[in-house]
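*Asks:* The following comprises the amino acid sequence and a computationally predicted model.
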Amino acid sequence: MGQKSIEEIRKSKIDEQALTRIAEERKEIEDAKKSSQTSGGFLAFKSDKEKKVLLFLENGWEKKDVPATEYDPTTKSYKEIPGKTVVKYNFTVYDLTTYDPANPPKAQIWQRGRKDAEQVLYFMGEGVREMVVMRNGAAGSKDTTYTIYPSNR
């Protein structure tokens with residue numbers, strides 16, 4: 001099979017098989033964007049003993065492999081570890097901590113690892129969707145944990 005010149009490639013149309021493949025890829029990318037998009041972005045706890053009341057959506061979680069990160073105290077930021085991934089759960093939640101019916105919150109993503117996901121899914125399995133979550137750990141701490149329990153509202 002002879003190789004086409006640059007001019008031949010410029011003048012030729014993309015064949016149907018390639019167009020079909022392109023359309024499938026674009027649909028997959030769009031579907032992935034839609035499934036992880038929320039209007040409120042990611043939810044973060046910033047300080048030790050910070051509490052939030054979160055309302056978890058019934059089918060609002062997604063299990064994902066994401067790049068592993070490690071905290072760099074010199075830059076005070078997280079950096080990816082090349083070639084390593086970890087399992088994370090993206091929970092779609094509403095932060096009801098300061099709930100005002102006249103100004104309802106936007107859905108956000110709370111991303112957690114298996115340990116916290118196990119607790120959340122246990123309570124959801126018991127029919128609990130509204131939970132209090134408290135951060136236990138200073139900002140930037142590698143040892144931060146979360147206490148999760150049903151809300152009494």
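*Replies:* It's in.

*Asks:* my read: Q119 touches I148, true?
*Replies:* Yes - with contacts counted by C-beta atoms under 8 Å, Q119 reaches I148, the gap being 4.6 Å. Using the backbone N, CA and C atoms, a C-beta is placed for each residue, glycine as well.

*Asks:* In space, not sequence, find me the middle residue of this structure.
*Replies:* N90 (3.8 Å; C-alpha atoms, centre = their mean).

*Asks:* Verify the stated contact: that one with V66.
*Replies:* No - in this structure N90 lies outside contact range of V66 using C-beta under 8 Å: 9.1 Å.

*Asks:* Quickly list what's touching both of those two.
*Replies:* Counting by C-beta atoms under 8 Å, 6 or more residues apart in numbering, the residues touching both N90 and V66 are Q111.

*Asks:* And the contacts of the lowest-mean-pLDDT helix or strand in the chain?
*Replies:* Lowest by mean pLDDT, DSSP states H and E among the helices and strands of the chain is helix 16-36, with a mean of 75. Applying C-beta under 8 Å, 6+ apart, the contact partners of helix 16-36 are I14, E62, N90, I109.

*Asks:* Just those: which are in helices?
*Replies:* Using DSSP state H, no member of those sits in helices.

*Asks:* what's across from the nearest residue to T69 once chain neighbours are set aside in the sheet?
*Replies:* Leaving out its chain neighbours, the residue that sits closest to T69 by C-beta to C-beta, 6 or more residues apart in numbering is Y78, at 4.1 Å. Judged by DSSP bridges, the bridge partners of Y78 are Y71.

*Asks:* Isn't Y78 up against E70?
*Replies:* Yes - counting by C-beta under 8 Å, Y78 does reach E70; the two are 6.8 Å apart.

*Asks:* Please confirm that A102 is located within a helix.
*Replies:* No - with DSSP: H, G, I helix; E, B strand; the rest coil as the criterion, A102 is assigned coil and is not in a helix.

*Asks:* mind listing what it touches?
*Replies:* Counting by C-beta under 8 Å, 6+ apart, A102 makes contact with nothing.

*Asks:* do the same with the one 3 residues further on
*Replies:* Applying C-beta under 8 Å, 6+ apart, we find P105 in contact with G40, Y94, D95, L96, Y99.

*Asks:* For the chain, just list every one of the strands.
*Replies:* 51-72, 77-95, 108-112, 130-136, 145-150 (DSSP state E).

*Asks:* Alright, I will stop here.
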